[in-house]
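Enquirer: kindly generate the corresponding structure for this input.
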Amino acid sequence: MIRLKHVTMAAVFGASLVAPHLASATPLPGQTACWQSNVGEDPRPEISCQTLSPEFLRKLEHATPAQVVKLFAVPGKDGKPTYFEGVGKIPGFYNGYVELVYTKGHVTNVSAVTTEFQKNGMAGDEMDFRWDSVKGECSDFPGSTHRCNAAE
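Expert: Numbers count the residues shown, from 1 in each chain. Down below sits the predicted model:
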């Protein structure tokens, strides 16, 4: 009987450790349209339904951490607003990732790699977008005059 009681307590304790993971199946505000983790799975706080278009990426320039979190509507990888992924399956959506560097509380470097989701369900060509508060911007998006991947 004592052994059964011990196992029962362990089972109850173990269940209490699992309970927080059950809550992770609920998507974060910025994920509701495109992402939901499975029960017990990491909620992936860096995944956002925000398209990584050049217009959006420019909004990150000089932003504060709070502004970045508000733009993505997720807290970022490991709860830090320095790495995010944009995911979506709508033609024209820019999927990819962005890394941010801050100096004195403001973004001073944006580095993104994106692909455009095509009508056929495939990813388009990879495009880079980089902005540095000192060096300026380069972009491989259509219409850019200063390409990141051009021969220097």
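Enquirer: residues near the closest residue to Arg147 other than its chain neighbours, how many?
Expert: Nearest non-adjacent residue to Arg147, counting by CB to CB, 6 or more residues apart in numbering: Asp140, 5.6 Å away. In this view, the C-beta of every residue, glycine as well, is placed from N, C-alpha and C. Residues lying near Asp140 (other CB atoms under 10 Å) number 19.
Enquirer: measure Asp140 to Glu61 for me?
Expert: With distances taken as CB to CB, to the nearest Å, Asp140 is found 17 Å from Glu61.
Enquirer: what's the answer for Thr114, then?
Expert: 16 Å.
Enquirer: buried set for stretch 117-126?
Expert: Of the residues in stretch 117-126, Phe117 count as buried by neighbour count, 16 or more other CB atoms under 10 Å.
Enquirer: then stretch 103-119?
Expert: Neighbour counts over stretch 103-119 (16+ other CB under 10 Å) mark Val107, Thr108, Asn109, Val110, Ser111, Ala112, Val113, Thr114, Thr115, Glu116, Phe117 as buried.
Enquirer: repeat for stretch 82-99
Expert: For stretch 82-99, by 16+ other CB under 10 Å, it's Thr82, Phe84, Glu85, Gly86, Val87, Gly88, Phe93, Tyr94, Asn95, Gly96, Tyr97, Val98.
Enquirer: farthest pair in those residues?
Expert: Using CB to CB, the pair of those lying farthest apart is Thr82 and Phe93, separated by 22.5 Å.
Enquirer: quick one: Thr108 and Trp131 touch, right?
Expert: No - judged on CB atoms under 8 Å, Thr108 makes no contact with Trp131 at a distance of 9.0 Å.
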